[in-house]
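[1] 3D, please:
(chains A and B, ligands or ions: 1)
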Amino acid sequence: MDLTLTQHDIDAEIAAGHAAYEQRVAGGAPVEHHPRRDYAPYRSSVLRHPGQPPVAIDVTKDPELVELASPAFGERDITGVDNDLTRQHAGEPVGERITVSGRLLDRTGRPVRGQLVEIWQANSAGRYAHQREQHDAPLDPNFTGVGRTLSDDDGFYRFTTVQPGPYPWRNHINAWRPAHIHFSVFGSAFTQRLVTQMYFPNDPLFPYDPILQSVTDDAARQRLVATYDHSLSVPEFSLGYHWDIVLDGPDATWIEEGR
Amino acid sequence: MTKIDTSSPEQVLPTPSHTVGPFYGYALPFRGGEDIAPAGHPDTVTVHGYVYDGAGDPLPDALLELWGPDTEGRTPTADGSMRRDPATGGFLGRNGVEFTGFGRIQTDADGHWYARTLRPGARGRSAPYVSVCVFARGLLVHLYTRLYLPGDAAALAADPLLSRVPAVRRDTLVAADEGHGTYRFDIRLQGEGETVFLEFQ
Ligand SMILES: [Fe+3]
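    As a prediction, this is how the structure comes out:
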(Lines give C-alpha, C1' and ligand atoms only; values in the text may rest on other atoms or scores of the structure.)
Protein backbone atom coordinates (compact mmCIF):
# COMPACT_ATOMS: atom_id res chain seq x y z
CA MET A 1 0.00 0.00 0.00
CA ASP A 2 1.07 3.52 -0.72
CA LEU A 3 0.69 5.04 2.75
CA THR A 4 0.69 8.58 1.44
CA LEU A 5 -2.00 8.34 -1.23
CA THR A 6 -5.36 9.70 -0.12
CA GLN A 7 -8.81 9.24 -1.58
CA HIS A 8 -8.58 12.88 -2.62
CA ASP A 9 -5.48 12.09 -4.74
CA ILE A 10 -7.24 9.14 -6.36
CA ASP A 11 -10.40 11.21 -6.98
CA ALA A 12 -8.29 13.76 -8.87
CA GLU A 13 -6.68 11.04 -11.00
CA ILE A 14 -10.07 9.46 -11.74
CA ALA A 15 -11.48 12.85 -12.78
CA ALA A 16 -8.48 13.48 -15.03
CA GLY A 17 -8.99 10.06 -16.65
CA HIS A 18 -12.65 10.84 -17.36
CA ALA A 19 -11.83 14.27 -18.76
CA ALA A 20 -9.15 12.84 -21.03
CA TYR A 21 -11.56 10.18 -22.31
CA GLU A 22 -14.30 12.71 -23.02
CA GLN A 23 -11.82 14.86 -24.88
CA ARG A 24 -10.74 11.90 -27.02
CA VAL A 25 -14.35 11.06 -27.90
CA ALA A 26 -15.14 14.73 -28.66
CA GLY A 27 -12.17 14.64 -31.00
CA GLY A 28 -13.67 11.71 -32.91
CA ALA A 29 -12.02 8.78 -31.11
CA PRO A 30 -14.14 5.63 -30.72
CA VAL A 31 -16.18 4.82 -27.62
CA GLU A 32 -14.14 2.66 -25.24
CA HIS A 33 -16.26 -0.18 -23.88
CA HIS A 34 -13.43 -1.68 -21.84
CA PRO A 35 -10.91 -0.19 -19.43
CA ARG A 36 -7.46 0.74 -20.66
CA ARG A 37 -4.94 -1.65 -19.18
CA ASP A 38 -2.82 1.36 -18.28
CA TYR A 39 -4.98 3.00 -15.62
CA ALA A 40 -2.81 4.51 -12.89
CA PRO A 41 -5.53 5.21 -10.28
CA TYR A 42 -5.62 1.40 -9.93
CA ARG A 43 -2.02 1.14 -8.77
CA SER A 44 -1.60 -2.58 -9.41
CA SER A 45 -1.96 -1.88 -13.15
CA VAL A 46 1.17 0.25 -13.32
CA LEU A 47 3.73 -2.56 -13.75
CA ARG A 48 1.35 -5.10 -15.23
CA HIS A 49 0.20 -3.58 -18.52
CA PRO A 50 2.07 -3.96 -21.82
CA GLY A 51 3.79 -0.90 -23.23
CA GLN A 52 3.55 -2.13 -26.82
CA PRO A 53 0.22 -2.10 -28.68
CA PRO A 54 -1.28 -5.56 -29.28
CA VAL A 55 -0.81 -7.18 -32.69
CA ALA A 56 -4.20 -7.31 -34.42
CA ILE A 57 -5.40 -10.55 -35.95
CA ASP A 58 -8.17 -10.34 -38.54
CA VAL A 59 -10.08 -13.57 -37.92
CA THR A 60 -11.97 -13.30 -41.20
CA LYS A 61 -8.73 -14.16 -42.99
CA ASP A 62 -8.41 -17.52 -41.26
CA PRO A 63 -11.50 -19.39 -40.04
CA GLU A 64 -9.23 -22.21 -38.84
CA LEU A 65 -7.83 -20.29 -35.88
CA VAL A 66 -8.17 -22.36 -32.72
CA GLU A 67 -9.10 -19.13 -30.89
CA LEU A 68 -12.37 -19.13 -32.88
CA ALA A 69 -13.47 -22.25 -31.03
CA SER A 70 -14.06 -22.44 -27.31
CA PRO A 71 -13.43 -25.08 -24.67
CA ALA A 72 -16.50 -27.21 -24.01
CA PHE A 73 -18.09 -27.61 -20.59
CA GLY A 74 -20.89 -29.98 -19.69
CA GLU A 75 -22.94 -31.52 -16.94
CA ARG A 76 -19.89 -33.48 -15.75
CA ASP A 77 -18.21 -30.19 -14.86
CA ILE A 78 -20.83 -29.01 -12.37
CA THR A 79 -22.82 -30.50 -9.52
CA GLY A 80 -26.44 -29.86 -8.61
CA VAL A 81 -25.85 -27.28 -5.87
CA ASP A 82 -23.07 -25.37 -7.61
CA ASN A 83 -25.37 -22.48 -8.52
CA ASP A 84 -26.80 -22.23 -5.01
CA LEU A 85 -24.13 -20.75 -2.75
CA THR A 86 -26.46 -20.93 0.25
CA ARG A 87 -26.61 -24.74 0.17
CA GLN A 88 -22.96 -25.74 0.02
CA HIS A 89 -22.52 -26.25 3.79
CA ALA A 90 -24.42 -27.85 6.63
CA GLY A 91 -25.86 -24.55 7.84
CA GLU A 92 -27.26 -21.37 6.36
CA PRO A 93 -24.86 -18.51 5.55
CA VAL A 94 -25.43 -15.17 7.25
CA GLY A 95 -26.73 -12.36 5.08
CA GLU A 96 -29.53 -11.22 2.81
CA ARG A 97 -30.29 -13.96 0.30
CA ILE A 98 -30.32 -12.83 -3.32
CA THR A 99 -31.12 -14.39 -6.68
CA VAL A 100 -28.92 -13.20 -9.55
CA SER A 101 -30.02 -14.10 -13.06
CA GLY A 102 -29.62 -12.87 -16.61
CA ARG A 103 -28.66 -13.88 -20.11
CA LEU A 104 -25.35 -14.60 -21.73
CA LEU A 105 -25.41 -12.94 -25.17
CA ASP A 106 -23.06 -12.17 -28.04
CA ARG A 107 -22.69 -8.82 -29.80
CA THR A 108 -25.53 -9.68 -32.18
CA GLY A 109 -27.89 -10.33 -29.25
CA ARG A 110 -27.94 -14.09 -29.73
CA PRO A 111 -27.88 -16.31 -26.65
CA VAL A 112 -24.64 -18.13 -25.83
CA ARG A 113 -25.81 -21.63 -24.91
CA GLY A 114 -24.32 -24.29 -22.68
CA GLN A 115 -21.29 -22.26 -21.62
CA LEU A 116 -19.63 -22.05 -18.25
CA VAL A 117 -20.44 -19.16 -15.91
CA GLU A 118 -18.34 -19.05 -12.72
CA ILE A 119 -18.71 -16.60 -9.81
CA TRP A 120 -16.84 -15.83 -6.61
CA GLN A 121 -17.50 -13.24 -3.94
CA ALA A 122 -16.94 -12.02 -0.39
CA ASN A 123 -19.37 -13.06 2.34
CA SER A 124 -21.95 -10.68 3.79
CA ALA A 125 -19.28 -9.16 6.07
CA GLY A 126 -16.98 -8.39 3.13
CA ARG A 127 -14.53 -11.25 3.73
CA TYR A 128 -13.25 -13.71 1.12
CA ALA A 129 -12.58 -17.32 2.09
CA HIS A 130 -9.04 -16.90 0.73
CA GLN A 131 -5.78 -17.52 2.63
CA ARG A 132 -4.19 -14.23 1.60
CA GLU A 133 -7.24 -12.15 2.56
CA GLN A 134 -6.17 -9.74 5.35
CA HIS A 135 -9.44 -7.97 6.10
CA ASP A 136 -10.37 -8.93 9.66
CA ALA A 137 -14.13 -9.20 9.09
CA PRO A 138 -15.49 -12.60 10.20
CA LEU A 139 -15.39 -15.68 8.03
CA ASP A 140 -18.69 -17.52 7.68
CA PRO A 141 -18.32 -21.28 8.13
CA ASN A 142 -21.43 -21.73 6.01
CA PHE A 143 -20.28 -19.70 3.05
CA THR A 144 -17.45 -20.30 0.61
CA GLY A 145 -18.58 -17.86 -2.05
CA VAL A 146 -17.92 -19.92 -5.19
CA GLY A 147 -20.54 -20.87 -7.78
CA ARG A 148 -20.72 -22.42 -11.24
CA THR A 149 -23.43 -23.07 -13.77
CA LEU A 150 -24.02 -23.62 -17.49
CA SER A 151 -26.09 -21.15 -19.52
CA ASP A 152 -29.34 -22.71 -20.75
CA ASP A 153 -30.80 -22.86 -24.28
CA ASP A 154 -31.93 -19.22 -24.07
CA GLY A 155 -28.59 -18.13 -22.60
CA PHE A 156 -29.99 -17.76 -19.07
CA TYR A 157 -27.92 -18.37 -15.95
CA ARG A 158 -29.14 -18.20 -12.36
CA PHE A 159 -27.43 -18.13 -8.96
CA THR A 160 -28.73 -18.09 -5.40
CA THR A 161 -26.31 -16.47 -2.95
CA VAL A 162 -26.09 -13.82 -0.25
CA GLN A 163 -25.49 -10.12 -0.75
CA PRO A 164 -21.70 -9.60 -0.55
CA GLY A 165 -20.38 -6.87 1.74
CA PRO A 166 -18.08 -4.03 0.64
CA TYR A 167 -14.49 -4.42 1.79
CA PRO A 168 -11.35 -2.35 2.32
CA TRP A 169 -8.26 -2.81 0.17
CA ARG A 170 -4.81 -1.29 -0.01
CA ASN A 171 -4.82 0.82 -3.13
CA HIS A 172 -4.71 4.00 -1.04
CA ILE A 173 -5.75 5.19 2.44
CA ASN A 174 -9.40 4.37 3.14
CA ALA A 175 -9.94 2.53 -0.14
CA TRP A 176 -13.17 0.47 -0.19
CA ARG A 177 -14.51 -1.74 -2.93
CA PRO A 178 -18.25 -1.41 -3.63
CA ALA A 179 -20.08 -4.71 -3.12
CA HIS A 180 -19.58 -6.91 -6.18
CA ILE A 181 -19.66 -10.45 -7.51
CA HIS A 182 -16.79 -11.62 -9.73
CA PHE A 183 -17.87 -13.37 -12.95
CA SER A 184 -15.85 -15.56 -15.33
CA VAL A 185 -17.59 -16.43 -18.58
CA PHE A 186 -16.82 -18.40 -21.74
CA GLY A 187 -18.34 -17.67 -25.13
CA SER A 188 -18.63 -19.67 -28.32
CA ALA A 189 -15.08 -18.58 -29.21
CA PHE A 190 -12.02 -18.30 -26.96
CA THR A 191 -11.73 -14.71 -28.27
CA GLN A 192 -14.94 -13.92 -26.33
CA ARG A 193 -13.53 -14.87 -22.93
CA LEU A 194 -14.63 -12.43 -20.24
CA VAL A 195 -13.75 -11.90 -16.58
CA THR A 196 -15.57 -9.04 -14.92
CA GLN A 197 -17.49 -7.88 -11.84
CA MET A 198 -21.18 -7.21 -11.24
CA TYR A 199 -22.23 -4.37 -8.94
CA PHE A 200 -25.46 -3.56 -7.11
CA PRO A 201 -27.62 -0.50 -7.85
CA ASN A 202 -27.11 2.84 -6.08
CA ASP A 203 -23.93 1.93 -4.21
CA PRO A 204 -22.49 5.14 -2.67
CA LEU A 205 -18.95 3.78 -3.14
CA PHE A 206 -19.07 3.85 -6.97
CA PRO A 207 -17.38 7.25 -7.47
CA TYR A 208 -14.49 6.38 -5.14
CA ASP A 209 -13.54 3.03 -6.67
CA PRO A 210 -10.70 3.15 -9.22
CA ILE A 211 -11.52 -0.35 -10.49
CA LEU A 212 -15.10 0.52 -11.49
CA GLN A 213 -13.99 3.98 -12.67
CA SER A 214 -11.37 2.38 -14.93
CA VAL A 215 -14.33 2.00 -17.28
CA THR A 216 -14.31 5.66 -18.26
CA ASP A 217 -17.35 5.53 -20.55
CA ASP A 218 -20.47 6.32 -18.49
CA ALA A 219 -22.81 4.04 -20.42
CA ALA A 220 -20.34 1.15 -20.37
CA ARG A 221 -19.88 1.51 -16.61
CA GLN A 222 -23.67 1.33 -16.15
CA ARG A 223 -23.64 -2.07 -17.86
CA LEU A 224 -21.72 -3.46 -14.88
CA VAL A 225 -24.54 -2.61 -12.48
CA ALA A 226 -27.35 -5.13 -12.02
CA THR A 227 -31.00 -4.05 -11.97
CA TYR A 228 -33.28 -4.87 -9.05
CA ASP A 229 -35.99 -7.11 -10.53
CA HIS A 230 -38.98 -7.78 -8.33
CA SER A 231 -40.12 -10.60 -10.60
CA LEU A 232 -36.88 -12.45 -9.78
CA SER A 233 -37.40 -12.05 -6.04
CA VAL A 234 -38.51 -15.30 -4.46
CA PRO A 235 -41.38 -14.90 -1.94
CA GLU A 236 -40.28 -15.36 1.68
CA PHE A 237 -36.72 -16.12 0.45
CA SER A 238 -34.60 -13.77 -1.66
CA LEU A 239 -34.35 -10.44 -3.51
CA GLY A 240 -33.83 -10.61 -7.28
CA TYR A 241 -31.23 -8.92 -9.48
CA HIS A 242 -31.10 -9.09 -13.26
CA TRP A 243 -27.78 -8.81 -15.06
CA ASP A 244 -27.28 -9.60 -18.75
CA ILE A 245 -23.74 -10.24 -19.96
CA VAL A 246 -22.71 -9.37 -23.53
CA LEU A 247 -19.51 -10.99 -24.78
CA ASP A 248 -17.21 -8.99 -27.00
CA GLY A 249 -14.79 -10.31 -29.54
CA PRO A 250 -15.24 -12.05 -32.87
CA ASP A 251 -16.60 -15.57 -33.24
CA ALA A 252 -17.26 -17.82 -36.22
CA THR A 253 -20.50 -15.97 -37.11
CA TRP A 254 -18.46 -12.83 -37.88
CA ILE A 255 -16.97 -14.70 -40.79
CA GLU A 256 -20.30 -16.00 -42.08
CA GLU A 257 -21.72 -12.48 -42.00
CA GLY A 258 -18.60 -10.86 -43.40
CA ARG A 259 -18.14 -8.49 -40.48
CA MET B 1 -29.72 -0.67 -17.41
CA THR B 2 -28.62 -4.22 -17.49
CA LYS B 3 -31.53 -5.85 -19.25
CA ILE B 4 -30.07 -5.80 -22.72
CA ASP B 5 -32.34 -4.83 -25.62
CA THR B 6 -31.70 -7.45 -28.29
CA SER B 7 -34.23 -6.09 -30.81
CA SER B 8 -31.58 -4.18 -32.77
CA PRO B 9 -28.18 -5.85 -33.05
CA GLU B 10 -26.26 -2.59 -33.38
CA GLN B 11 -27.44 -1.71 -29.85
CA VAL B 12 -25.97 -4.79 -28.19
CA LEU B 13 -22.95 -3.29 -26.49
CA PRO B 14 -20.44 -5.41 -24.61
CA THR B 15 -20.06 -5.88 -20.87
CA PRO B 16 -16.78 -4.24 -19.85
CA SER B 17 -13.90 -6.36 -18.61
CA HIS B 18 -12.50 -6.08 -15.09
CA THR B 19 -9.45 -7.49 -13.35
CA VAL B 20 -9.64 -11.00 -11.92
CA GLY B 21 -8.40 -9.44 -8.65
CA PRO B 22 -6.32 -11.17 -5.97
CA PHE B 23 -8.88 -13.60 -4.55
CA TYR B 24 -9.84 -15.94 -7.41
CA GLY B 25 -7.44 -18.59 -6.12
CA TYR B 26 -10.03 -20.52 -4.17
CA ALA B 27 -12.57 -20.29 -6.99
CA LEU B 28 -11.10 -20.69 -10.48
CA PRO B 29 -8.17 -23.16 -10.32
CA PHE B 30 -9.25 -26.80 -10.37
CA ARG B 31 -7.61 -30.14 -9.73
CA GLY B 32 -5.64 -31.31 -12.72
CA GLY B 33 -5.93 -27.94 -14.41
CA GLU B 34 -2.33 -28.31 -15.65
CA ASP B 35 -2.64 -31.98 -16.71
CA ILE B 36 -4.30 -31.42 -20.06
CA ALA B 37 -2.83 -34.41 -21.93
CA PRO B 38 -4.50 -37.80 -21.41
CA ALA B 39 -2.46 -39.86 -18.94
CA GLY B 40 0.54 -41.55 -20.56
CA HIS B 41 -0.04 -40.15 -24.05
CA PRO B 42 3.20 -40.50 -26.08
CA ASP B 43 2.83 -37.03 -27.69
CA THR B 44 2.73 -35.20 -24.37
CA VAL B 45 4.83 -32.05 -24.01
CA THR B 46 5.62 -30.11 -20.85
CA VAL B 47 5.42 -26.34 -21.21
CA HIS B 48 6.46 -24.06 -18.37
CA GLY B 49 7.84 -20.68 -17.47
CA TYR B 50 7.55 -17.57 -15.36
CA VAL B 51 5.31 -14.54 -15.63
CA TYR B 52 7.12 -11.23 -14.97
CA ASP B 53 5.97 -7.66 -14.41
CA GLY B 54 7.58 -4.46 -15.70
CA ALA B 55 10.12 -4.44 -12.85
CA GLY B 56 11.21 -7.97 -13.73
CA ASP B 57 9.54 -9.44 -10.65
CA PRO B 58 7.65 -12.73 -11.03
CA LEU B 59 3.88 -12.69 -10.45
CA PRO B 60 2.77 -15.11 -7.73
CA ASP B 61 -0.87 -14.46 -8.60
CA ALA B 62 -1.18 -14.77 -12.37
CA LEU B 63 -3.70 -17.18 -13.86
CA LEU B 64 -3.07 -18.74 -17.27
CA GLU B 65 -5.51 -20.53 -19.50
CA LEU B 66 -4.26 -22.75 -22.30
CA TRP B 67 -6.41 -23.81 -25.24
CA GLY B 68 -5.05 -25.84 -28.11
CA PRO B 69 -5.78 -28.48 -30.73
CA ASP B 70 -4.93 -32.17 -30.57
CA THR B 71 -1.91 -33.70 -32.30
CA GLU B 72 -3.81 -33.79 -35.63
CA GLY B 73 -4.75 -30.12 -35.36
CA ARG B 74 -8.37 -30.90 -34.53
CA THR B 75 -10.30 -28.61 -32.17
CA PRO B 76 -11.27 -30.54 -29.04
CA THR B 77 -15.01 -30.85 -28.41
CA ALA B 78 -14.96 -32.97 -25.23
CA ASP B 79 -16.10 -31.41 -21.98
CA GLY B 80 -14.93 -32.68 -18.59
CA SER B 81 -11.90 -30.45 -17.92
CA MET B 82 -13.18 -29.84 -14.38
CA ARG B 83 -15.08 -33.08 -13.86
CA ARG B 84 -16.80 -33.21 -10.50
CA ASP B 85 -17.44 -35.87 -7.89
CA PRO B 86 -21.17 -36.08 -7.20
CA ALA B 87 -20.41 -37.65 -3.80
CA THR B 88 -18.24 -34.89 -2.36
CA GLY B 89 -18.83 -31.98 -4.73
CA GLY B 90 -15.05 -31.73 -5.15
CA PHE B 91 -13.02 -31.84 -8.33
CA LEU B 92 -12.26 -35.30 -9.73
CA GLY B 93 -9.94 -34.12 -12.45
CA ARG B 94 -10.12 -35.30 -16.05
CA ASN B 95 -11.10 -38.84 -16.95
CA GLY B 96 -7.57 -39.70 -18.13
CA VAL B 97 -8.63 -40.56 -21.67
CA GLU B 98 -10.42 -37.66 -23.33
CA PHE B 99 -8.58 -34.54 -24.45
CA THR B 100 -10.47 -31.32 -23.72
CA GLY B 101 -7.67 -29.03 -24.92
CA PHE B 102 -8.29 -26.65 -22.02
CA GLY B 103 -6.15 -26.02 -18.96
CA ARG B 104 -6.06 -23.44 -16.20
CA ILE B 105 -2.97 -22.86 -14.07
CA GLN B 106 -2.18 -20.38 -11.31
CA THR B 107 1.46 -19.33 -10.99
CA ASP B 108 3.06 -20.55 -7.77
CA ALA B 109 4.74 -18.40 -5.10
CA ASP B 110 7.83 -18.14 -7.36
CA GLY B 111 5.76 -16.94 -10.32
CA HIS B 112 6.27 -20.27 -12.10
CA TRP B 113 3.68 -22.34 -13.96
CA TYR B 114 3.71 -25.59 -15.92
CA ALA B 115 1.32 -27.67 -17.95
CA ARG B 116 1.44 -31.03 -19.69
CA THR B 117 -0.52 -31.06 -22.90
CA LEU B 118 -0.53 -32.74 -26.29
CA ARG B 119 1.92 -31.52 -28.90
CA PRO B 120 -0.44 -29.35 -30.98
CA GLY B 121 -0.97 -30.13 -34.64
CA ALA B 122 -1.06 -27.41 -37.29
CA ARG B 123 -4.36 -25.82 -38.36
CA GLY B 124 -4.93 -23.84 -41.53
CA ARG B 125 -1.83 -21.89 -42.56
CA SER B 126 -0.57 -21.50 -39.00
CA ALA B 127 2.43 -23.22 -37.48
CA PRO B 128 1.45 -25.35 -34.46
CA TYR B 129 0.65 -23.31 -31.38
CA VAL B 130 -1.32 -23.28 -28.15
CA SER B 131 -3.45 -20.23 -27.38
CA VAL B 132 -2.62 -18.63 -24.02
CA CYS B 133 -4.80 -16.21 -22.05
CA VAL B 134 -3.27 -14.33 -19.09
CA PHE B 135 -5.21 -12.98 -16.11
CA ALA B 136 -3.81 -11.21 -13.04
CA ARG B 137 -4.52 -8.76 -10.30
CA GLY B 138 -3.73 -5.37 -11.84
CA LEU B 139 -4.61 -6.52 -15.34
CA LEU B 140 -7.91 -4.83 -16.20
CA VAL B 141 -8.36 -6.77 -19.45
CA HIS B 142 -6.86 -10.24 -19.93
CA LEU B 143 -4.10 -10.70 -22.50
CA TYR B 144 -3.92 -13.23 -25.33
CA THR B 145 -0.70 -14.58 -26.68
CA ARG B 146 0.44 -17.79 -28.42
CA LEU B 147 2.93 -20.45 -27.46
CA TYR B 148 4.51 -21.75 -30.68
CA LEU B 149 6.66 -24.85 -30.47
CA PRO B 150 10.10 -24.64 -32.12
CA GLY B 151 11.48 -27.23 -34.53
CA ASP B 152 9.86 -26.71 -37.91
CA ALA B 153 11.64 -23.56 -39.12
CA ALA B 154 9.79 -23.51 -42.44
CA ALA B 155 6.37 -23.67 -40.79
CA LEU B 156 7.31 -20.94 -38.32
CA ALA B 157 8.65 -18.72 -41.12
CA ALA B 158 5.41 -19.13 -43.07
CA ASP B 159 3.11 -18.53 -40.11
CA PRO B 160 0.79 -15.57 -40.86
CA LEU B 161 1.28 -14.04 -37.41
CA LEU B 162 4.99 -14.70 -36.87
CA SER B 163 5.85 -13.37 -40.30
CA ARG B 164 4.23 -10.02 -39.37
CA VAL B 165 5.98 -9.61 -36.03
CA PRO B 166 9.33 -7.74 -36.04
CA ALA B 167 12.21 -10.19 -35.75
CA VAL B 168 13.36 -8.84 -32.39
CA ARG B 169 9.99 -9.63 -30.79
CA ARG B 170 9.18 -12.88 -32.60
CA ASP B 171 11.09 -15.04 -30.13
CA THR B 172 8.71 -14.05 -27.33
CA LEU B 173 6.11 -16.22 -29.06
CA VAL B 174 8.29 -19.30 -29.60
CA ALA B 175 9.05 -21.56 -26.65
CA ALA B 176 12.64 -22.69 -26.04
CA ASP B 177 13.39 -26.42 -26.46
CA GLU B 178 14.89 -27.77 -23.24
CA GLY B 179 14.95 -31.36 -24.45
CA HIS B 180 12.90 -34.41 -23.43
CA GLY B 181 9.70 -32.77 -24.68
CA THR B 182 10.02 -29.83 -22.30
CA TYR B 183 9.64 -26.24 -23.51
CA ARG B 184 10.24 -22.98 -21.68
CA PHE B 185 7.85 -20.09 -22.26
CA ASP B 186 8.24 -16.98 -20.11
CA ILE B 187 5.69 -14.18 -20.28
CA ARG B 188 6.81 -10.57 -19.73
CA LEU B 189 3.90 -8.21 -19.26
CA GLN B 190 5.90 -5.01 -19.73
CA GLY B 191 9.28 -3.60 -20.65
CA GLU B 192 12.38 -5.25 -22.06
CA GLY B 193 11.55 -8.47 -23.85
CA GLU B 194 7.83 -7.74 -23.55
CA THR B 195 5.76 -10.63 -24.86
CA VAL B 196 3.79 -10.02 -28.05
CA PHE B 197 0.11 -9.87 -27.13
CA LEU B 198 -2.75 -10.26 -29.57
CA GLU B 199 -6.06 -8.59 -30.32
CA PHE B 200 -8.68 -10.44 -32.38
CA GLN B 201 -10.82 -8.43 -34.77
FE1 LIG C 1 -13.49 -8.66 -5.10
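[2] what's the pLDDT at A:Thr227?
    pLDDT, A:Thr227: 98.
[3] distance check, it against A:Gly51.
    From A:Thr227 over to A:Gly51 the distance is 38 Å, taken as CB to CB, to the nearest Å. Backbone N, C-alpha and C define where each C-beta goes, glycine included.
[4] neighbour-wise, which of the two wins?
    Residue environment comparison for A:Thr227 versus A:Gly51 gives the larger neighbour count to A:Thr227, 16 against 11, counting by other CB atoms under 10 Å in any protein chain shown.
[5] just confirm that one contacts A:Gly240, I think it does.
    No - contact criterion CB atoms under 8 Å: A:Thr227 and A:Gly240 do not qualify, at 9.4 Å.
[6] can you map out the helices along the chain?
    Defaulting to chain A. Remark: helices of chain A, listed N- to C-terminal, are A:7-26, A:210-213, A:218-222, A:252-256; assignment by DSSP state H.
[7] think we crossed wires, I meant chain B
    Along chain B, the segments classed as helices by DSSP H run B:153-158, B:167-170.
[8] tell me the contacts of the closest residue to chain B within the stretch 151-259 of chain A?
    Closest contact between the stretch 151-259 of chain A and chain B, by CB to the nearest CB, is at A:Asp248 (3.6 Å). For A:Asp248, the residues meeting the contact criterion (CB atoms under 8 Å, 6 or more residues apart in numbering or on different chains) are A:His33, A:His34, A:Arg107, A:Gln192, A:Leu194, B:Pro14, B:Thr15.
[9] residue contacts, B:Cys164?
    Actually, residue B:164 is Arg rather than Cys. Counted by CB under 8 Å, 6+ apart, B:Arg164 has contacts A:Val55.
[10] list, one by one, the residues from the stretch 151-259 of chain A near chain B.
    With CB under 8 Å from any CB of the partner chain as the criterion, the stretch 151-259 of chain A comes near chain B at residues A:182, A:184, A:190-191, A:193-197, A:211, A:214-215, A:219-227, A:229, A:242-250.
[11] any weak-confidence spans in chain B?
    Counting by pLDDT under 70, chain B contains low-confidence residues at B:1.
[12] so where do the strands sit in the stretch 51-200 of chain A?
    Counting by DSSP state E, counting those that start in this stretch, residue ranges of the strands within the stretch 51-200 of chain A are A:55-57, A:97-105, A:116-120, A:146-150, A:156-162, A:167-169, A:175-177, A:180-185, A:194-199.
[13] what's the distance between the longest one and the middle of its chain?
    Okay, so that is strand A:97-105. When distances are taken as CA atoms, centre = their mean, to the nearest Å, strand A:97-105 is centred 12 Å away from the chain's centroid.
[14] for that strand, name the packing helices and strands.
    Strand A:97-105 sits against strand A:156-162, strand A:239-242, strand A:245-246, with contacts defined as 3 or more CB pairs under 8 Å, 6 or more residues apart in numbering or on different chains; DSSP states H and E.
[15] which of these has the highest mean neighbour count?
    For the helices and strands packed on strand A:97-105, ranked by mean neighbour count under the definition mean count of other CB atoms under 10 Å in any protein chain shown, the leader is strand A:245-246 at a mean of 25.
[16] which outside residues touch it?
    Strand A:245-246 is contacted by residues A:102-107, A:117, A:183, A:185, A:194, A:196, A:223, B:4, B:12-15 when judged by CB under 8 Å, 6+ apart.
[17] could you list the paired strands of it along with their orientation?
    Partners of strand A:245-246 in the sheet, by DSSP bridges, are strand A:97-105 (parallel).
[18] what pLDDT does the spatially closest residue to A:Asp229 that is not a sequence neighbour get?
    In space, A:Asp229 comes closest to A:His242 once its chain neighbours are excluded; the distance is 4.0 Å by CB to CB, 6 or more residues apart in numbering or on different chains. pLDDT for A:His242: 98.
[19] thought A:Trp243 was touching A:Asp229?
    No - applying CB under 8 Å, one finds A:Trp243 not in contact with A:Asp229, separated by 9.2 Å.
[20] quick one, what contacts residue 91?
    No chain was given, so I picked chain A. Under the contact definition (CB under 8 Å, 6+ apart), the residues listed for A:Gly91 are A:Pro141, A:Asn142.
[21] wait, I meant chain B there
    The neighbourhood of B:Phe91, defined by CB under 8 Å, 6+ apart, consists of B:Phe30, B:Arg31, B:Gly32, B:Met82, B:Arg83, B:Arg84, B:Asp85.
[22] tell me the most packed of these, by neighbour count.
    For the contacts of B:Phe91, the largest neighbour count, defined by other CB under 10 Å, is 26 neighbours, found at B:Met82.
[23] for it, give its distance to B:Asp35.
    12 Å.
[24] can you put the strands of the stretch 51-200 of chain A in TSV and add mean pLDDT?
    As requested, these are exported to TSV (pLDDT from 0 to 100):
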stretch	mean pLDDT
strand A:55-57	96
strand A:97-105	98
strand A:116-120	98
strand A:146-150	98
strand A:156-162	98
strand A:167-169	95
strand A:175-177	97
strand A:180-185	98
strand A:194-199	98
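[25] of these, which is nearest A:Tyr21?
    Of all these, it is strand A:194-199 that lies closest to A:Tyr21, at 18.9 Å by CB to CB.
[26] count of residues packed around the nearest residue to A:Arg221 once chain neighbours are set aside?
    If the residues on either side of it in the chain are set aside, A:Arg221 comes closest to A:Val215, at 4.4 Å by CB to CB, 6+ apart. Residues within reach of A:Val215, counting by other CB under 10 Å, total 26.
[27] can you check the one 3 residues further on too?
    Each residue near A:Asp218 was counted by other CB under 10 Å, and the total is 10.
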